[in-house]
Each structure stands twice: as C-alpha cells, then as structure tokens.
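# Give me a 3D structure for the following:
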Amino acid sequence: MNNQLIKSILIDWDKIDPASYLRNIEAISSVAEIEFNHPVTFFVGENGSGKSTLLEAIAIAYGFNPEGGTRNYNFSTYDSHSELHNAIRLVRGVRQASWGYFLRAESFYNVATKEDEYSRGQGGIPQHFHEKSHGESFLALAQNSFRANGFYLLDEPEAALSPQRQLTLLMEIHRCAEEGAQFIIVSHSPILLGMPDAQILTFDDGPIHPCTYEETDSYQVTSMFVNHREQMLHRLLD
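As a prediction, this is how the structure comes out:
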C-alpha cells in the first residue's frame with residue numbers, strides 16, 4: 001500500500017507549448033506519470049538530464065517558492081523556472097503534510113537572507129545562516145527544519161557538505177522518513193544514494209526509470225576511482 005504524502009505526479013503535455021525546450025528533454029518528454037512508492041526518492045543522472053527541472057516543477061506545483069524555502073516564502077531574485085509546473089498535478093495520499101521545505105543549493109544564499117527577514121516578521125528566532133559556513137548552514141537547516149510528517153524537496157543538498165556531514169544528513173533524512181516524512185532528492189552523492197530502502201529514479205538512457213544503487217554513475221565512477229585510482233589517473237592524464 002502506498003502511504004506517501006505525495007503518491008505520484010501526473011504530467012499533462014497538452015499544457016506545454018509545442019515549441020518548448022521541455023519537449024526535448026528525453027527523460028521526461030514521454031512521461032505522463034511518476035509514482036513515489038518510498039519515503040525517500042532520489043533523482044539521479046547526468047548534468048542537464050532534467051532532474052532539477054522536474055524537482056522545481058513539483059515544488060512550485062506544491063506551493064513552494066521557486067527559489068526555495070517553506071510555503072510561506074514569497075520572493076524572487078531571478079525568474080528562471082520553466083512552465084512545467086503548469087502541467088503537473090500532484091496525487092496526494094490520505095495523510096496531510098504538517099510542514100515542508102524546498103532546498104536549492106544554487107539559491108540558498110538568497111533564502112538564507114530572507115530567512116532572517118521572515119523570522120523576525122513572524123516573531124520567530126532567526127537562524128543567522130550567514131554567520132555560519134555554507135556547509136554548517138545547510139546542516140543547521142536540515143536539523144532545524146526536518147520534522148516528522150513533512151514533505152521535503154532537496155536539490156543537491158550535498159553540494160556544501162563534507163563526506164562526514166553527508167553521513168549526518170543521511171541520518172537526519174532517515175530519522176524523519178521513519179517518522180512519516182517524505183523526501184524527493186536530486187543528488188550525485190554516492191553517500192546519500194546509499195540510503196536504505198530508497199527509491200532511485202534515473203534520468204539517463206531514455207525516459208525516467210528505476211535503477212539500483214550499484215547501477216548509478218555516482219556509485220560506479222566513485223568505486224572505480226577509489227579501487228583503481230592510479231590506473232584511472234594514468235588513462236585520464238597521460
């Protein structure tokens with residue numbers, strides 16, 4: 001039984017301009033439905049394969065600000081999102097999310113700036129993210145914002161984190177997932193992708209489809225480099 005907060009998404013391509021670049025993204029252009037059967041789902045694939053484009057569209061369709069934050073955030077520094085969110089319908093489960101957050105590595109600076117402003121305006125306690133390192137801010141956000149029964153969209157959360165901090169983030173995600181939260185995560189991290197019982201959807205080699213951890217490029221390339229570093233470097237650099 002699928003007990004997720006968001007069970008699936010439906011894409012109505014009739015609502016997308018016939019000349020839109022979205023129709024040229026091989027991974028999504030022929031996809032009408034994507035099901036989410038696990039508390040944690042990863043989007044994996046090469047750069048430019050459409051992972052962040054789809055995650056962003058899901059976030060906007062859910063009600064998040066395109067640049068990130070909670071559903072209470074409403075600002076724009078650069079309007080770059082696609083029209084894909086107009087064609088997406090979320091199929092919700094019987095449970096209601098009690099909280100949520102959309103984290104984007106590329107626009108986190110802007111969100112961190114607004115966080116102080118929104119916290120003060122709503123009588124909250126500012127987190128002062130700018131007083132921390134980039135990695136410390138990311139981890140602090142996860143530890144303070146991830147809650148049970150929440151819905152979270154994360155775009156490359158490993159970008160600012162050391163391997164040790166990625167392990168800490170993995171534990172935070174796993175803890176919340178055990179408590180009823182749902183995560184959809186774009187990632188290249190072989191550490192995060194090792195999450196137990198996660199659903200992994202690859203955007204490589206045709207339309208979006210499931211794959212195993214060992215089939216991801218993140219695992220294969222990292223494993224090959226760690227186990228055969230000298231041979232790889234010789235081939236790459238000689």
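# The longest helix along the chain packs against which elements?
Identified as the longest helix of the chain according to DSSP state H is helix 163-178. Counting contacts by 3 or more CB pairs under 8 Å, 6 or more residues apart in numbering; DSSP states H and E, the secondary-structure elements packed against helix 163-178 are strand 40-44, helix 134-145, strand 182-186. Glycine gets a C-beta too; all of them are placed from N, C-alpha and C.
# Now render those as TSV, adding distance to residue 173 and mean pLDDT.
Putting these into TSV (distance: least, CB to CB, whole Å; pLDDT from 0 to 100) gives the following:
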stretch	distance to residue 173	mean pLDDT
strand 40-44	6	98
helix 134-145	8	75
strand 182-186	6	97
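# residue boundaries of the helices in this structure?
Assigned by DSSP H, the helices in the chain fall at 51-62, 108-121, 134-145, 163-178, 217-227, 229-237.
# nearest to residue 40, of these?
Across those, the minimum distance to residue 40, taken as CB to CB, is reached by helix 163-178, at 5.3 Å.
# quick check: angle from the closest one to strand 40-44?
Put simply, helix 163-178 runs at 130 degrees to strand 40-44, going by axes from the mean of the first three to the mean of the last three CA atoms, to 10 degrees.
# contacts for helix 163-178?
The list of residues contacting helix 163-178 from outside it, by CB atoms under 8 Å, 6 or more residues apart in numbering, reads 39-40, 135, 138-139, 142-143, 146-148, 150, 152, 157-158, 161, 183, 185, 189, 191-192, 194-196.
# buried ones in it?
165, 166, 169, 170, 173, 174, 176, 177 (16 or more other CB atoms under 10 Å).
# swap in stretch 201-214?
201, 202, 203, 204, 208, 211, 213.
# lowest-pLDDT helix or strand in the chain?
Sorted by mean pLDDT, DSSP states H and E, the helices and strands of the chain end with helix 108-121, the least confident at a mean of 55.
# gap between the nearest residue to residue 194 once chain neighbours are set aside and residue 227?
If the residues on either side of it in the chain are set aside, residue 194 comes closest to residue 213, at 6.1 Å by CB to CB, 6 or more residues apart in numbering. Relative to residue 227, residue 213 is positioned 16 Å away (criterion: CB to CB, to the nearest Å).
# And residue 27, by the same measure?
Note on residue 27: its distance to residue 227, by CB to CB, is 29 Å.
# More neighbours: which of the two?
The residue with more neighbours, out of residue 27 and residue 227 and counting by other CB atoms under 10 Å, is residue 27; that gives 23 against 9.
# Residue 65 contacts residue 102, doesn't it?
Yes: in this structure, residue 65 sits in contact with residue 102. The criterion is CB atoms under 8 Å, and the distance is 7.0 Å.
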